[in-house]
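*Asks:* Sequence first, then the predicted structure:
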Amino acid sequence: SPAPAPLEKVFQYIDLHQDESVQMLKEWVAIESDSVQPVPHFRQELFRMMAVAADMLQRLGAHVASVDMGSQQLPDGQSLPIPPVILAELGDDPTKATVCFYGHLDVQPADRADGWLTDPYMLTEVDGKLYGRGATDNKGPVLAWINAVSAFRALEQDLPVNIKFIIEGMEEAGSVALEELMEKEKDRFFSGVDYVVISDNLWISQRKPAVTYGTRGNSYFTVEVKCRDQDFHSGTFGGILHEPMADLVALLGSLVDSSGRILVPGIYDEVAPLTEEEINTYKAIDLDLEEYQNSSQVAKFLFDTKEEILMHLWRYPSLSIHGIEGAFDEPGAKTVIPGRVIGKFSIRLVPHMNVSEVEKQVTRHLEDVFSKRKSSNKMVVSMALGLHPWIANINSTQYIAAKRAIRTVFGTDPDMIRDGSTIPIAKMFQEIVHKRVVMIPLGAVDDGEHSQNEKINRWNYIEGTKVFAAFFFEMAQLHESPEPSSLM
Ligand SMILES: Cn1cncc1C[C@H](NC(=O)CCN)C(=O)O
Ligand SMILES: [Zn+2]
Ligand SMILES: [Zn+2]
């Protein structure tokens, strides 16, 4: 069915003003709001980013609070200020549903020398693709939401729902200090919220939209092996030491086998059993495995079927080894024995794995492997991040609204997908604030988030803005007369 007349007007407005939306994205991308590299320059840029966004929301007529988040202690003893979190609200009509949008305005590091074809902080359009760091993760989607709201305001049309915003600047660093804020605000800012929308992941296709109902968690470990604080010469000490690197490589080598199976005892015990019905949901997903493999430039994945690939990304845990601090990693043949090394790895968690149980299992396993080596070095295992997995009930109201909005804009039903990466706030909304979350991604599978040449398609950005506008309408309608099945 076609969109109702007021919505048609909003769509027209969004189309007519799309160049302004692209220009705004350009201004936001130009701010180097990198939260990952803990240096003063990027922190200043982050503060500027949050101020620019707060200002824009204020001009939209929202009540805006910038909440001080204190400072971040770094492992080297330094401390850096954390950018404020924006809490904003627009409209407080008690007869309307209240929808809260979460987004983040910090970005991953980006350096032209890493293989960017354009300046990462200068939004550049090539063939309808808008290249720039943060274009899809997450500045584009945040602006799409704001632009959807401002289209209503510009047309002097009543907003169908009350809107709240929570916008942070530390997501890429693991949402530092966010959990405390959620605890503090759960009966204050969040008390009137009915639904939460997050748009911080991607479709699984280049052209077919998606709605996301689950994300994996992550438990991130460091394992330090130390002999002493200084390095050794392998000519004068080689042969008489328990070398830290040899211990560490053995420890890291004990974690996962060549088929991807995690070797930590008990790790699979709590993984939700697979049901027949669930397998059918993977069959329904549009994924061209060959194309996916080619576009990823991977010779062969660990699994051969679409269903297995999706299950291993979405509903099974995985273990990845990320790096070794203190290792010699330069070109050349330096004959060093590192005196102290720190291995880093993480386990993506799925329902119903438990973060603290995983912490115990991993620690026990590493202690066991280490003790068998009878090394005189010191080993310290610690879990740096413990982020919970999240899964939603796809029959609840906000999913019905999202599907209808997508059908209105794209004329097709979305893929119902999960995501292998982690959006830490989703579980916080569910467990701490007791709110129902829906993830409505806007970007295409090839947007390259976190990678060189990140982009969002102009089409995704503009049609995505319309999806949000349509979502306001659908949410308002369902709030008045909910579907029986959606009253969870
Ligand atoms: C920082 N961090 C450490 N462990 C997990 C994370 C979050 C990060 N989140 C994303 O990438 C969102 C993608 N839309 C990730 O999953 O790696
Ligand atoms: Zn993101
Ligand atoms: Zn990201």
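*Replies:* Yep, it's here. Computed from a prediction, not measured in an experiment: that's the story for all the values here. Ligands and ions are numbered 1, 2, ... in the order given.
*Asks:* Quick check: residues of the protein near ligand 2?
*Replies:* Counting by C-beta under 5 Å from the ion, the chain comes close to ligand 2 at Asp137, Asn138, Asp200. Glycine gets a C-beta too; all of them are placed from N, C-alpha and C.
*Asks:* How about the secondary structure of the last one?
*Replies:* If I follow you right, that is Asp200. coil (DSSP: H, G, I helix; E, B strand; the rest coil).
*Asks:* circling back: adding neighbour count, pLDDT and distance to Glu277, write the residues of the chain next to ligand 2 out as TSV.
*Replies:* Converted to TSV, these look like this (neighbours: other C-beta atoms under 10 Å; pLDDT from 0 to 100; distance: C-beta to C-beta, whole Å):
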residue	neighbour count	pLDDT	distance to Glu277
Asp137	26	98	32
Asn138	27	98	33
Asp200	26	97	28
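*Asks:* which of those lies closest to ligand 1?
*Replies:* Asp200 (4.8 Å; C-beta to the nearest ligand atom).
*Asks:* which non-adjacent residue is nearest Pro338?
*Replies:* Gly326 (5.0 Å; C-beta to C-beta, 6 or more residues apart in numbering).
*Asks:* List the contacts of that neighbour.
*Replies:* Pro338, Gly339, Arg340, Val341, Ile342 (C-beta atoms under 8 Å, 6 or more residues apart in numbering).
*Asks:* where exactly do the strands run in the stretch 351-488 of the chain?
*Replies:* 378-387, 390-391, 415-419, 436-439, 455-457 (DSSP state E, counting those that start in this stretch).
*Asks:* Given the longest one, what are its sheet partners and their directions?
*Replies:* For strand 378-387, the pairing partners within the sheet under DSSP bridges are strand 217-226 (antiparallel).
*Asks:* How far off centre is the strand it pairs with?
*Replies:* Chain-centre distance of strand 217-226: 20 Å, with C-alpha atoms, centre = their mean, to the nearest Å.
*Asks:* Return the distance of His242 relative to Ser375.
*Replies:* For His242, the distance to Ser375 (C-beta to C-beta, to the nearest Å) stands at 4 Å.
*Asks:* How about Asn393?
*Replies:* Asn393 sits at a distance of 49 Å from Ser375 (criterion: C-beta to C-beta).
*Asks:* More neighbours: those two, which one.
*Replies:* More crowded of Asn393 and Ser375, by other C-beta atoms under 10 Å: Ser375, with 19 against 11.
*Asks:* So the protein: which segments form each domain?
*Replies:* As given by automatic domain parsing, the domain ranges for the chain are 5-215+390-486, 217-272+315-387.
*Asks:* and the strand or helix carrying Phe165, what does it pack onto?
*Replies:* For Phe165, the element it lies in under DSSP states H and E is strand 162-168. Packing partners of strand 162-168 (3 or more C-beta pairs under 8 Å, 6 or more residues apart in numbering; DSSP states H and E): helix 40-59, strand 85-90, strand 98-104, helix 140-154.
*Asks:* In its sheet, which strands sit next to that strand, and in what direction?
*Replies:* By DSSP bridges, strand 162-168 pairs with strand 85-90 (antiparallel), strand 98-104 (parallel).
*Asks:* Low-confidence regions, this structure specifically.
*Replies:* Within the chain, the ranges that satisfy pLDDT under 70 run 1-2, 482-488.
*Asks:* Close to ligand 1: what parts of it are there?
*Replies:* Counting by C-beta under 6 Å from any ligand atom, the residues of the chain close to ligand 1 are 137, 172, 174, 200-201, 218, 220, 385, 387, 421-423, 449.
*Asks:* How much space separates Ile163 from Ala250?
*Replies:* Counting by C-beta to C-beta, the gap from Ile163 to Ala250 is 54 Å.
*Asks:* That should have said Gln44, apologies.
*Replies:* Taking C-beta to C-beta, one finds Gln44 at 43 Å from Ala250.
*Asks:* List the contacts of the residue lying closest to Phe190 once chain neighbours are set aside.
*Replies:* Leaving out its chain neighbours, the residue that sits closest to Phe190 by C-beta to C-beta, 6+ apart is Val433, at 4.8 Å. Counting by C-beta under 8 Å, 6+ apart, Val433 touches Met182, Glu185, Lys186, Phe190, Val193.
*Asks:* Next, the third one: phi, psi?
*Replies:* When you say that, I think you mean Lys186. Main-chain dihedrals, Lys186, degrees, to the nearest 10: phi -60, psi -40.
*Asks:* Show me the helices in the chain, by range?
*Replies:* Counting by DSSP state H, the chain has helices at residues 5-16, 18-29, 40-59, 140-154, 178-185, 234-237, 244-253, 276-283, 289-295, 306-314, 355-372, 397-410, 424-431, 458-480.
*Asks:* What is the burial count for Ile321?
*Replies:* Ile321 is flanked by 13 other residues according to other C-beta under 10 Å.
*Asks:* beta partners for the nearest residue to it once chain neighbours are set aside?
*Replies:* Nearest residue to Ile321, sequence neighbours excluded (C-beta to C-beta, 6+ apart): Phe345, at 4.6 Å. With beta bridges defined as DSSP bridges, Phe345 has these partners: Phe221, Ile321.
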